[in-house]
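Predicted model and sequence below, questions to follow.
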Amino acid sequence: MFDLNKFLDDREKRVQLQNSLLERYSLPLLTIRANYPGENKWESIPIEITEIVAKEMEILFKERLIKKEIIENLEGKIYLYFINLDPKSIKELTIQFEEKHILGRCVDLDVYTTEGTGISRSDFNLPKRKCLICDDLAFACGRSMKHSHSEIKDKINSKYIAYQNFLKRREVTINTIADLSLESMIYEVSSFPGFGLVTPLTQGAHKDMNLLTFLKSSFILKDGFKKMAEIMFSDLPLDIAFKRLREIGKETEKKMFQATDGVNTHKGMIFLLGIVVGATSRTLYQNKDFINIQTLVSQMTRDILKDFENIDTKKTLTHGEKLFLSHKFTGIRGEVKNGLDIIFSGALPVFNSALKESADINKASVHTLIYLMSKVMDSTIVYRHNLEVLEDVKKEMKAIFESGGVFNYSLDFLFELENRYIQKNISPGGSADLLAVTIFFHKILTYFY
């Protein structure tokens with residue numbers, strides 16, 4: 001039997017605990033409780049909804065979340081999060097969550113200042129929350145008991161079912177994206193001749209890796225790309241989602257080095273394809289047209305050149321950072337900031353046209369590689385040599401592409417060119433990464449559009 005006095009006592013103790021913890025941590029507080037009618041707050045669905053939303057908040061605030069407490073009483077399961085962020089910023093993010101997430105209206109997300117003052121929607125000149133069932137204000141319906149508890153529970157249950165259906169859709173989509181990312185990497189490394197790249201026939205201009213090294217690394221990367229796709233298949237604010245995506249990229253990079261015994265097979269690919277996977281996942285989540293991916297790539301990476309700020313004080317530098325210091329060379333960061341226009345307006349149409357004409361994916365891939373090598377400011381070539389060698393490569397490949405590429409030159413000629421590049425220690429790694437992304441986009445178009 002429900003004990004009202006015990007319920008009121010639990011609520012009073014919870015408020016006292018909140019206030020004491022606010023004083024101890026001196027940080028804004030976010031509380032999460034199920035917005036569920038009736039006396040029994042421990043039914044399975046409100047508890048599960050509370051736990052789902054709590055996990056979402058942990059992703060949203062991650063490094064800002066300093067302390068977490070959980071209270072279990074007659075009020076149900078309540079999460080207390082102490083967050084190192086301005087309380088109005090916290091409330092603004094929770095309002096966005098409430099309005100966009102399927103389960104946002106099924107919970108109360110209350111934010112308090114360090115003094116214990118609640119932050120409300122009215123502080124943002126927003127109207128009070130509407131009823132779950134009708135368009136009236138929630139507090140008015142609650143006061144007049146316009147809807148029965150069973151009606152409200154049915155509505156919450158339907159939202160929970162909708163969320164479970166969303167999870168199924170998400171799992172299918174992100175698994176497909178991860179599969180296509182793996183296929184794209186394998187198709188890229190399987191293309192030959194590679195003009196200094198690793199292929200099934202040669203190690204190219206690389207002494208520390210071969211096809212098997214690449215394959216081992218590619219399968220490791222697939223899991224990382226799936227996690228990136230999952231983060232982006234949501235309403236998580238784009239800047240926060242991109243930050244989470246780059247954190248996953250760093251974790252994936254560590255796993256790559258572990259799998260390859262320290263050989264860098266895909267560091268650039270993790271960065272580039274990771275951004276593309278993220279933008280693709282968000283576009284599919286929003287049910288938008290394919291071209292929206294290009295817009296998202298630009299939006300996600302609008303501040304990407306800030307990576308080069310203060311690099312002169314760093315003890316260890318990446319190849320790209322060294323080239324930026326010496327030549328102001330932005331490399332692949334410059335390409336993504338430009339929305340990968342080199343792919344959308346160039347490589348992808350070239351690949352699709354070549355595949356249609358030849359019905360041979362290897363021929364289309366090599367043809368597209370020649371095109372990319374004629375255009376790309378490839379940091380791998382510059383790092384191994386200098387800008388003069390890069391310009392020579394671009395000039396040579398431009399002449400070959402404009403003369404018909406693989407459709408006008410024999411395999412013997414192309415293999416002779418590949419051998420010459422291997423002897424000169426030339427490897428177009430930047431172009432290879434862009435080729436993999438081009439193939440990925442071709443597959444995304446084929447599968448989803």
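Ah, there it is.

which residues in the stretch 51-200 of the chain form strands?
Listed in chain order, the strands of the stretch 51-200 of the chain (DSSP state E, counting those that start in this stretch) span 65-73, 76-83, 107-112, 118-119.

Now distance to residue 171, mean neighbour count and mean pLDDT too, for those, in TSV please.
Where C-beta positions appear, they are placed from N, C-alpha and C, glycine not excepted. Compiled in TSV, the strands of the stretch 51-200 of the chain are given as follows (distance: least, C-beta to C-beta, whole Å; neighbours: other C-beta atoms under 10 Å; pLDDT from 0 to 100):
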stretch	distance to residue 171	mean neighbour count	mean pLDDT
strand 65-73	26	15	96
strand 76-83	25	21	97
strand 107-112	23	21	96
strand 118-119	35	18	95
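
so which of those comes closest to residue 157?
Residue 157 lies closest to strand 107-112 among the strands of the stretch 51-200 of the chain, at 14.5 Å (C-beta to C-beta).

Minimum distance to residue 198: which of the strands of the stretch 51-200 of the chain has it?
Comparing the strands of the stretch 51-200 of the chain by C-beta to C-beta, strand 65-73 comes nearest, at 42.6 Å.

name the helices or strands packed onto that closest one?
If contacts are counted by 3 or more C-beta pairs under 8 Å, 6 or more residues apart in numbering; DSSP states H and E, strand 65-73 sits against helix 4-25, helix 44-61, strand 76-83.

Kindly provide the distance from the residue nearest to residue 355 when sequence neighbours are not counted to residue 305.
Using C-beta to C-beta, 6 or more residues apart in numbering and skipping residues adjacent in sequence, the residue nearest residue 355 is residue 364, 3.9 Å away. As judged by C-beta to C-beta, to the nearest Å, residue 364 and residue 305 stand 32 Å apart.

Columns distance to residue 240 on top of the strands of the stretch 51-200 of the chain, output as a markdown table?
What follows is the strands of the stretch 51-200 of the chain, written out as a markdown table (distance: least, C-beta to C-beta, whole Å):
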| stretch | distance to residue 240 |
| --- | --- |
| strand 65-73 | 13 |
| strand 76-83 | 13 |
| strand 107-112 | 16 |
| strand 118-119 | 19 |
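
Out of those, the one nearest residue 13 is which?
Counting by C-beta to C-beta, residue 13 lies closest to strand 65-73 out of the strands of the stretch 51-200 of the chain; the figure is 7.5 Å.

quick one: contacts of the closest one?
10-11, 13-14, 17, 21, 25, 27, 57-58, 77-84 (C-beta atoms under 8 Å, 6 or more residues apart in numbering).

List the neighbouring strands of that strand plus their orientation.
Paired strands of strand 65-73, with direction, are strand 76-83 (antiparallel) (DSSP bridges).

Could I get the CA-only coordinates of the strand it pairs with as PDB?
Presented in PDB, the C-alpha positions along strand 76-83 are these (Å, rounded to 0.1, in the frame of the first residue of the first chain):
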ATOM      1  CA  GLY A  76      11.500   6.500  -8.100                       C
ATOM      2  CA  LYS A  77      15.100   6.500  -9.400                       C
ATOM      3  CA  ILE A  78      16.600  10.000  -9.500                       C
ATOM      4  CA  TYR A  79      20.000  11.000 -10.900                       C
ATOM      5  CA  LEU A  80      21.900  13.900  -9.600                       C
ATOM      6  CA  TYR A  81      24.600  15.300 -11.800                       C
ATOM      7  CA  PHE A  82      27.000  18.100 -10.700                       C
ATOM      8  CA  ILE A  83      28.300  19.800 -13.800                       C
END
